[in-house]
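S.K.: here's my sequence, what's the structure:
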Amino acid sequence: MIVVIVVSILAALATPSMIRARDDRHAYNNAMQVAQMLRGARLRAIGRGGAVAVYMTSNGTTDRGTFQVYEAVTANPIPGSAPSSDATNRTPLGSCLTPDWTTDMPTGARLPLDGFNYNYNLDVDIDFQTTLKLNYVNRLGTPSNAGVPAVWLCFTPVGRTYVSAAATPAFNAGDSFIDLDICMSRGGACGSGLGLQRHVLVPPAGVARLFSR
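M.R.: This is a model prediction of the structure:
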């Protein structure tokens, strides 16, 4: 009986630590999932020869982080007939600047590929939140280092990266993009939450990297 009581007490004392470790691991897994998604988008753009864009949104507890991946495509012309919008007749577009990223095929030029939504179940229980922060200098030499509610990040087949901090993308060839910092934390917004903050850093024309602090 004494052994059982001691084990029960130790288990009760260890439970809060185990819950915190589980929550931190969940935040890390979410950040790793986003990093892998961005790496996959970049590799697809290079391998397919078409532009691939990732649309990201966050707004505190209203939107804890939503990520969607699209490929720029156009309908293949079939000899003797009008271009077809069938799923088997799509050609990648290599430019981030010209496609209509706001509408899916066949009306627009984007093909949905993948996506994540961190607004359910454990994400809500642990108050998981995402902060999108841009660090860049635009074509006029104006620096920016501020959180934004929406970001489009586009990869070209040659490794060029474009960014647009708006729900409707407006990529500009003159902007010099430095990096995108996607911060994920539990227990509150980035900088005020609990435990380690997970950051996914995307440098210009580089591979997304994950680090903690």
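S.K.: in this protein, which spans are helices?
M.R.: For the chain, the helices defined by DSSP state H cover 2-48, 122-125.
S.K.: among these, which one carries the weakest average confidence?
M.R.: The weakest mean pLDDT among the helices of the chain belongs to helix 2-48, with a mean of 78.
S.K.: chain center to the lengthiest strand in the chain: distance?
M.R.: The strand spanning the most residues in the chain, taking DSSP state E as the definition, is strand 63-75. In terms of CA atoms, centre = their mean, to the nearest Å, the centre of strand 63-75 is set 9 Å apart from its chain centre.
S.K.: list the buried residues in it.
M.R.: 63-75 (16 or more other CB atoms under 10 Å). In short, each C-beta sits where N, CA and C put it, glycine included.
S.K.: that strand - contacts with which helices or strands?
M.R.: helix 2-48, strand 52-59, strand 90-92, strand 110-117, helix 122-125, strand 129-137 (3 or more CB pairs under 8 Å, 6 or more residues apart in numbering; DSSP states H and E).
S.K.: of all those, which one is nearest residue 162?
M.R.: Proximity to residue 162, assessed across these by CB to CB, is greatest for strand 52-59 (8.3 Å).
S.K.: what's the model's confidence in the closest one, averaged?
M.R.: 94.
S.K.: ok so, going back, next, give me the two most distant ones among the buried residues of strand 63-75.
M.R.: It's 64 and 75 that sit farthest apart of those, by CB to CB, at 36.1 Å.
S.K.: which residues touch residue 186?
M.R.: For residue 186, the contact set (CB atoms under 8 Å, 6 or more residues apart in numbering) comprises 23-24, 26-27, 126-129, 193-195.
S.K.: sorry, that was for residue 95
M.R.: 51, 72, 156.
S.K.: show residues contacting stretch 99-111.
M.R.: Contacts of stretch 99-111 (CB under 8 Å, 6+ apart): 51, 53, 55, 70-75, 85, 90, 93, 112, 152, 154, 168-169.
S.K.: how about it as CSV, C-alpha atoms only?
M.R.: Extracted in CSV, the C-alpha atoms of stretch 99-111 (Å, rounded to 0.1, in the frame of the first residue of the first chain):
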residue,chain,number,x,y,z
PRO,A,99,-1.5,34.8,-62.5
ASP,A,100,-4.8,35.5,-60.8
TRP,A,101,-4.0,34.1,-57.4
THR,A,102,-7.4,34.9,-56.0
THR,A,103,-9.5,32.4,-57.9
ASP,A,104,-9.2,28.7,-58.5
MET,A,105,-9.2,27.0,-61.9
PRO,A,106,-10.9,27.1,-64.3
THR,A,107,-11.9,30.8,-63.8
GLY,A,108,-8.7,31.8,-62.2
ALA,A,109,-5.1,30.5,-62.5
ARG,A,110,-4.5,28.9,-59.2
LEU,A,111,-4.6,25.1,-58.4
